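Engineer: show me how the following folds:
(2 chains)
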Amino acid sequence: MLIKPSMNILVVESDIGIMQTCRELLLDEGHRIRTAESVEEALGIIQKHPADVDIMLLSLEFPGRGGRALIETLQRARPEILIMGMSADCGEEALEAMRAGAYDCIRKSFTPDRFWMKLNRAIEAFRLRRQLGVLTRQRQASLSTIRHDHNLLAIIQSITDGVVVTDWQTNIVLFNEKAARLFDLTEEKSIGHPVSMCLASDELLSFFMRAIKSDPSLATLMAGEEPIVKVRDKTLRVHLDSVTSETGTVIGAVAVFHDVSKVKAMDKLRSDFLSMVSHELKAPLSSLLMQISVILDGLAGELTEKQRDLLSKAKEKTKGMITLVNDLLDYRRVEEGKSIQKIESLDLGEILDRTAELMRLSAEEKEIKVTCDTSHDLPSFSGDRGGIEAIFVNLISNAIKYTPKGGNVQVSLHKAGKDIRFKVVDDGIGIPKEDVGRIFEKFYRIKTEQTKSISGSGLGLSIVKGIVEAHNGSIHVESEVGKGTTAIVSLPVEE
Amino acid sequence: MKKVLLVDDDVDFCEAVQLLLEAKGYQVVLAHNGKEGLDQARAEKPGLVILDVMMPELNGYDACVVMKADETLKKIPVILLTAVDQSVFKTTYTPHMGLMTEADDYIAKPVEPEELVKRVENFLGKGS
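Structural biologist: Below is the predicted model of the structure:
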């Protein structure tokens, strides 16, 4: 025989007949029962024997707000007590009682079957609620006790990063000194309070929520470059993870805040410095180039062959330096994420034509044949004009630079699926296998007998890669030494 | 003789450009900041103004805006010249910059002499 757990049931009813029926039914099933004939009496019993009331059968027909008031009081003071209303027809008063917190309502004209159907459901609900309560208390207890572990506290205090721990309901259970300073946390204001009230950042709150739900997207996010969050004047790198108990239940979340404000400030300083230096270099270099050119043109008097020769070399060197400074400036922009400055609708074919036109002079000097093949039905492309120009200029000038006299450079621009594909093929010196993987690194230049006379900063391709990626595109380079190099840029066209 | 006003605070650059343009048959007047440039524009009535952007006193953008708002000066074409902003493409005319200042053309420094002469010829025709 199934042993049913016996319940402590309080029956609050002024009608002696109904009271008697309830008592008999309940005692028959082995439940313990107390009775009260008024609301006041019922309250007295609950105060006197707080642990002895699990379920209350409450008549909803006491005069005035009697029954309703009792339900409201108990909801606040003893929410674990499950209340079952009783009334003649379970009408409006039953709805009100349930709104106030009663579990259900029984008609006083019940048959025993009907009585038990309703009551057994109530007993089941009570037990489930109690189990949930136990689990909840366990979960809370498991993290709130860490505040009493002094060694653990000492360790967490000594961590230089900010640490904030919450329970599974995102209430703060622990934080260290650094976190207190970052977020202005105090014991009174913060412990036991929701993290949403204390950290005031929707982004951070969403991280906590996702940690507690063990949202896999959070793990992915944290495994990559950890997110940066601005809190007042501080820039913080955040790492968040769930705290899991031995049984595998998520019992909370832990956040670590690394203050990167200083690093960011240094980055800005470095970048400003680079920018200043570049501009300060560019102005005098412009003068120098103009002065040398004017002398070379014979505008400052006749030149001997030797003078002309030396000055031509000086002019080349000056131009090399200008390119280098331009690369540095460009690189700074890419690093700062400024490579996309303004998105506009572009006709890539037209931009390529103009770029190729500009490169013609340097190609002709080396007797290199540049052919341009552009589809006429290219869709318009949304991107940054300066960035796209930089891609074309860098890749075509590289091809010309690393192709010996009399060689060929083929440039094409076509639609390929959802991408626009820009391709530069040369029959130049090629790139050794071991270097192909490194050509996108900053300042990386391949040092061989053939390249040592070619000037460059080693920044061009890393700039191109930065810009291509900022447009959600990709770049791919294939090469064979002595045969030539192919560079393919794919830029996705937005629907 | 066709007259060009060159406004640039870099004296060496001015000297070289002056040599270049004079050799091509233009008369060249110089100024070394935006304020001086405006005074010279009013006094000399040049056929073209080449205006550097980064200058003390009054910068080139602002000088250009003043010129284009001035009834007596607004017809004179202006070429803006700068080492700032444009580093990739030396002949790109940046439309939003033109709209902002109503400049007629835009050259990025450093510029090749032939290129500069070509741009001047676009506005004034060949020098005499």
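Engineer: mind naming the longest helix for chain A?
Structural biologist: When chain A is parsed with DSSP state H, its longest helix is helix A:261-296.
Engineer: which secondary structure elements does that helix contact?
Structural biologist: strand A:234-244, helix A:305-335, helix B:11-23, helix B:113-124 (3 or more CB pairs under 8 Å, 6 or more residues apart in numbering or on different chains; DSSP states H and E). To be clear about C-beta, it is placed using only N, CA and C from the backbone, and glycine gets the same treatment.
Engineer: flag every buried residue along it.
Structural biologist: A:275, A:278-279, A:281-283, A:285-296 (16 or more other CB atoms under 10 Å in any protein chain shown).
Engineer: quick one: the helices in chain B, in order.
Structural biologist: Assigned by DSSP H, the helices in chain B fall at B:11-23, B:34-44, B:60-69, B:95-101, B:113-124.
Engineer: can you tell which of the ones you listed is closest to A:Thr35?
Structural biologist: helix B:95-101 (86.4 Å; CB to CB).
Engineer: looking at that closest one now, give me its mean pLDDT.
Structural biologist: For helix B:95-101, mean pLDDT rounds to 46.
Engineer: tally of neighbours for the spatially closest residue to A:Pro112 that is not a sequence neighbour?
Structural biologist: Nearest residue to A:Pro112, sequence neighbours excluded (CB to CB, 6 or more residues apart in numbering or on different chains): A:Leu25, at 6.0 Å. A count of nearby residues for A:Leu25, using other CB atoms under 10 Å in any protein chain shown, gives 16.
Engineer: now A:Thr244
Structural biologist: 12.
Engineer: and it, bridged to which residues?
Structural biologist: A:Val250 (DSSP bridges).
Engineer: kindly report the same for B:Thr82.
Structural biologist: B:Ala108.
Engineer: right, and it touches B:Asp52 too?
Structural biologist: Yes. Between B:Thr82 and B:Asp52 there is a contact at 6.7 Å, judged by CB atoms under 8 Å.
Engineer: neighbour count: those two, which is higher?
Structural biologist: Per other CB under 10 Å, whichever of B:Thr82 and B:Asp52 has more neighbours is B:Asp52, with 29 against 23.
Engineer: contacts only, for the nearest residue to the more buried one once chain neighbours are set aside.
Structural biologist: Closest residue to B:Asp52 apart from its sequence neighbours, by CB to CB, 6+ apart: B:Asp8 at 3.9 Å. Neighbouring residues of B:Asp8 by CB atoms under 8 Å, 6 or more residues apart in numbering or on different chains: B:Cys14, B:Val17, B:His32, B:Ile50, B:Asp52, B:Met55, B:Leu81.
Engineer: taking those together, which two end up most distant?
Structural biologist: B:Val17 and B:Met55 (14.9 Å).
Engineer: what about those two, which has more around it?
Structural biologist: Shown here are B:Val17 and B:Met55; by other CB under 10 Å, B:Val17 has more neighbours (27 against 23).
Engineer: quick one: residues contacting A:Gly252.
Structural biologist: With the criterion set at CB under 8 Å, 6+ apart, A:Gly252 makes contact with A:Leu143, A:Val165, A:Thr166, A:Asp167, A:Trp168, A:Val173, A:Ile212, A:Ser242, A:Val243.
Engineer: ok, A:Lys465 next?
Structural biologist: A:Phe440, A:Ile475.
Engineer: just the pLDDT at it, thanks.
Structural biologist: 86.
Engineer: about what we covered before: and the residue nearest to A:Pro112, backbone torsions?
Structural biologist: Per-residue torsions, A:Leu25: phi -60, psi -40 (degrees, to the nearest 10).
Engineer: that one against A:Asp113, yeah?
Structural biologist: No. With contact defined as CB under 8 Å, A:Leu25 does not reach A:Asp113; the gap is 10.6 Å.
Engineer: and the residue nearest to A:Pro112, what's its pLDDT?
Structural biologist: 90.
Engineer: from A:Met19, how far off is it?
Structural biologist: The gap separating A:Leu25 from A:Met19 is 11 Å, by CB to CB, to the nearest Å.
Engineer: repeat for A:Val468
Structural biologist: Where A:Met19 is concerned, A:Val468 sits at a distance of 84 Å (CB to CB).
Engineer: now swap in A:Met290 and tell me
Structural biologist: Look at A:Met290 and A:Met19: by CB to CB, they are 110 Å apart.
Engineer: just put the contacts of B:Asp8 in TSV and tack on pLDDT.
Structural biologist: Below are those laid out as TSV (pLDDT from 0 to 100):
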residue	pLDDT
B:Cys14	94
B:Val17	95
B:His32	92
B:Ile50	95
B:Asp52	88
B:Met55	81
B:Leu81	85
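Engineer: pick the one among those residues closest to chain A.
Structural biologist: B:Val17 (6.1 Å; CB to the nearest CB).
Engineer: got a list of what that closest one touches?
Structural biologist: So B:Val17 contacts A:Met290, B:Leu6, B:Asp8, B:Val28, B:Ile50, B:Leu116 (CB under 8 Å, 6+ apart).
Engineer: and if we set it to 6 Å?
Structural biologist: B:Leu6 (CB atoms under 6 Å, 6 or more residues apart in numbering or on different chains).
Engineer: the one 10 residues further on now?
Structural biologist: Applying CB under 6 Å, 6+ apart to B:Gln27 gives the contacts B:Met1, B:Lys3.
Engineer: A:Arg421 against A:Leu491, yeah?
Structural biologist: No. With contact defined as CB atoms under 6 Å, A:Arg421 does not reach A:Leu491; the gap is 7.9 Å.
Engineer: picking that back up, any idea which of the helices and strands packed on helix A:261-296 is most buried?
Structural biologist: Comparing the helices and strands packed on helix A:261-296 by mean neighbour count (mean count of other CB atoms under 10 Å in any protein chain shown), helix B:11-23 comes out on top with a mean of 20.
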